[in-house]
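Trainee: Okay, sequence plus prediction incoming.
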Amino acid sequence: MEMKRINAGKLRAIGYDARDKLLRVEFDDGSAIDYSGVGNEVWRKLSTSGSAWSYYRDNIEEEYTGRRGVVRKPTTRADLESLFKAPGE
């Protein structure tokens with residue numbers, strides 16, 4: 001699923017899988033919620049809204065059941081360097 005980066009209220013990214021009707025919402029605290037059964041029209045309105053946070057709160061948060069998750073933590077330089085260390089270093 002391709003994520004669209006946004007900065008609206010607590011929202012940081014949104015993505016939609018039309019085939020599975022799955023909406024993923026990522027928040028500024030690193031949490032994420034996946035909502036199933038979301039129609040294409042709801043996605044279109046959310047992704048084009050001038051006030052995505054308000055649209056999310058009014059039309060998605062209370063209307064759909066979500067499954068909580070975590071946004072994958074970005075890889076740090078230290079993480080990458082540890083992959084390439086020689087044994088015993």
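Mentor: Sure thing, it's come through. Since the model is a prediction, treat every value here as computed from it, not as a measurement.
Trainee: where's the residue nearest to the spatial centre of the chain, which helix or strand?
Mentor: What sits nearest the mean C-alpha location of the chain, by C-alpha atoms, centre = their mean, is Glu26, with 3.0 Å. For Glu26, the element it lies in under DSSP states H and E is strand 22-27.
Trainee: Contacts for that strand next, please.
Mentor: 1, 3, 10-17, 32-36, 38, 42-43, 46, 56, 60, 64, 66, 71 (C-beta atoms under 8 Å, 6 or more residues apart in numbering). C-betas here are computed from N, CA, C, even on glycine.
Trainee: same deal with stretch 6-15?
Mentor: Stretch 6-15 has contacts (C-beta under 8 Å, 6+ apart) with 1-5, 23-29, 46-47, 51-54, 56-57, 71.
Trainee: what's the weakest-modelled helix or strand in this protein?
Mentor: The helix or strand of the chain with the poorest confidence is helix 77-83; it has a mean of 64 (mean pLDDT, DSSP states H and E).
Trainee: on that earlier part again, of the contacts of stretch 6-15, which belong to strands?
Mentor: Residues of the contacts of stretch 6-15 located in strands (DSSP state E): Met3, Lys4, Arg5, Leu23, Arg24, Val25, Glu26, Phe27.
Trainee: Most widely separated two among the residues you listed?
Mentor: Largest separation among the ones in strands among the contacts of stretch 6-15 by C-beta to C-beta: Arg5 and Leu23, giving 15.5 Å.
Trainee: what sits against Ser54?
Mentor: By C-beta under 8 Å, 6+ apart, the residues touching Ser54 are Gly9.
Trainee: where's it relative to Lys45, distance?
Mentor: 11 Å (C-beta to C-beta, to the nearest Å).
Trainee: do the same with Ala32
Mentor: For Ala32, the distance to Lys45 (C-beta to C-beta) stands at 20 Å.
Trainee: Who are the packing partners of the helix or strand containing Asp34?
Mentor: If you go by DSSP H and E, Asp34 is part of strand 31-36. If contacts are counted by 3 or more C-beta pairs under 8 Å, 6 or more residues apart in numbering; DSSP states H and E, strand 31-36 sits against strand 22-27, strand 66-70.
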